[in-house]
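A.B. asks: following is a predicted model, sequence given first.
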Amino acid sequence: MSALAHQRLLIVTGKGGVGKTTVSAALALGSARRGLRTLVCEVNTKERVTTLLGRPEVGPEIGSLEENLWSVDVRPTEALREYALMILKYESIYNAVFGNRLVGYFLRFIPSIQEIVMLGKILFHLREKRPDGSWRFDRIVIDAPATGHAITFLSVPQVVLDTVPPGPLATDATWMRDLLIDPKTTGSVLVSLPEDLPVNETLELHAALTAKIKIATAAVVLNGFIAPRFTDAERAGLPPELAEVARVHELRAHLSAEAETKLRTLPAPLTRVPRIYQAHFARAAIEAIAATLAPLLDGGRP
Ligand SMILES: Nc1ncnc2c1ncn2[C@@H]1O[C@H](COP(=O)(O)OP(=O)(O)OP(=O)(O)O)[C@@H](O)[C@H]1O
Ligand SMILES: [Mg+2]
């Protein structure tokens, strides 16, 4: 069984700029190709998944990208509105109860409300069923925020449970927390680059997610990997300028190998994603990365 074949919820996180959105897009594309109805969620950020996949933007409403693949940019105002409407049922009552000013007030002053309604929306879709009883989405991929924000975001059900009295909000926070900490449902995918800071942050993130929030690490992706290319003998035979280029390449390959050794201490399979050299980083790159990640996705259904 491969590492990510069975989890319905994949949470992709890591240090800022390491390739979280890229890996999310590739995992979502790969899942959709395997026949899983897949939703990829961005969280309150400038929408990028659709652009990377060469599709028009979808915004805060779920939009279809291609066969088996949907995307949404989850934003707090819309998520709060959906949450409130679920309770209040009718748009007219919602409008009467929440003026725009009041929505702004809630989002700014109630601690954790942004996170809980955004995470709640995503996890709601994870439980949603079609009329025939099958899941609306077989798999959801969250392009989660970077390290510190991801920890805040994912801790929020427990934080709410620790602070609010029993009631509807606590009930929602309970099922949300239980879904997140169930390793059969949820796994994190930690993305790193072959550099010291991202690697150390990945090790810390793993510790925080598993010990504090109790979310299992399902896979580690070493993005931007550079493989060795030249033997010493080949380098010795090169003219000086080219020898220098080759030396720098081998140095970077060495840093990639060092990063891999450190990340392999984590109790989850590691996949290397090569550094891709393309003037325009877009669909073709995501296709190539999806192919590299195939062993993580093959061989099972959630
Ligand atoms: N394997 C790769 N090879 C070459 N370039 C890459 C690779 N992966 C990502 N990139 C480049 O790095 C940039 C940052 O990637 P991406 O947006 O996925 O990172 P991120 O972790 O989502 O960033 P942020 O923290 O800002 O959300 C991309 O725009 C892309 O150009
Ligand atoms: Mg991103």
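C.D. replies: That came through fine. In this text the structure is predicted, and so the values were computed from the model without any measurement. Ligands and ions are numbered 1, 2, ... in the order given.
A.B. asks: give the contact list for the residue lying closest to Ile62 once chain neighbours are set aside.
C.D. replies: Distances taken as C-beta to C-beta, 6 or more residues apart in numbering place Val72 nearest to Ile62, at 4.5 Å, with adjacent residues excluded. Glycine gets a C-beta too; all of them are placed from N, C-alpha and C. Neighbouring residues of Val72 by C-beta atoms under 8 Å, 6 or more residues apart in numbering: 39-42, 58, 60-63.
A.B. asks: just the element for the residue of the chain found nearest ligand 2, please.
C.D. replies: Taking C-beta to the ion as the measure, the chain has Thr21 as its residue closest to ligand 2, at 3.3 Å. Taking DSSP states H and E as the definition, Thr21 sits inside helix 20-33.
A.B. asks: that helix near ligand 1 at all?
C.D. replies: Yes. Legend: contact between helix 20-33 and ligand 1 by C-beta under 6 Å from any ligand atom is shown at 20-22.
A.B. asks: and after that helix, which helix or strand comes next?
C.D. replies: Per DSSP H and E, the first helix or strand lying C-terminal to helix 20-33 is strand 38-43.
A.B. asks: tell me the strands beside that next one, with direction?
C.D. replies: The strands beside strand 38-43 in its sheet (DSSP bridges) come out as strand 69-74 (parallel), strand 139-143 (parallel).
A.B. asks: so how far is the following helix or strand past the longest one from its chain's centroid?
C.D. replies: The reference is to strand 69-74. Downstream of strand 69-74, the first helix or strand assigned by DSSP H and E is helix 76-88. On the basis of C-alpha atoms, centre = their mean, to the nearest Å, helix 76-88 sits 23 Å off its chain's mean C-alpha point.
A.B. asks: likewise stretch 125-142?
C.D. replies: On C-alpha atoms, centre = their mean, the centre of stretch 125-142 falls 18 Å from that of its chain.
A.B. asks: packed most tightly, which of the strands paired with strand 38-43 would that be?
C.D. replies: strand 139-143 (a mean of 28; mean count of other C-beta atoms under 10 Å).
A.B. asks: quick one: is it near ligand 1?
C.D. replies: No. Strand 139-143 stays clear of ligand 1 (C-beta under 6 Å from any ligand atom), getting no nearer than 6.6 Å.
A.B. asks: export that strand as PDB, just CAs?
C.D. replies: Taking C-alpha atoms only, strand 139-143 is exported to PDB below (Å, rounded to 0.1, in the frame of the first residue of the first chain):
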ATOM      1  CA  ARG A 139     -10.400  13.300  -1.500                       C
ATOM      2  CA  ILE A 140      -9.700  16.800  -0.400                       C
ATOM      3  CA  VAL A 141      -6.200  18.400  -0.700                       C
ATOM      4  CA  ILE A 142      -5.600  21.400   1.500                       C
ATOM      5  CA  ASP A 143      -2.900  23.800   0.300                       C
END
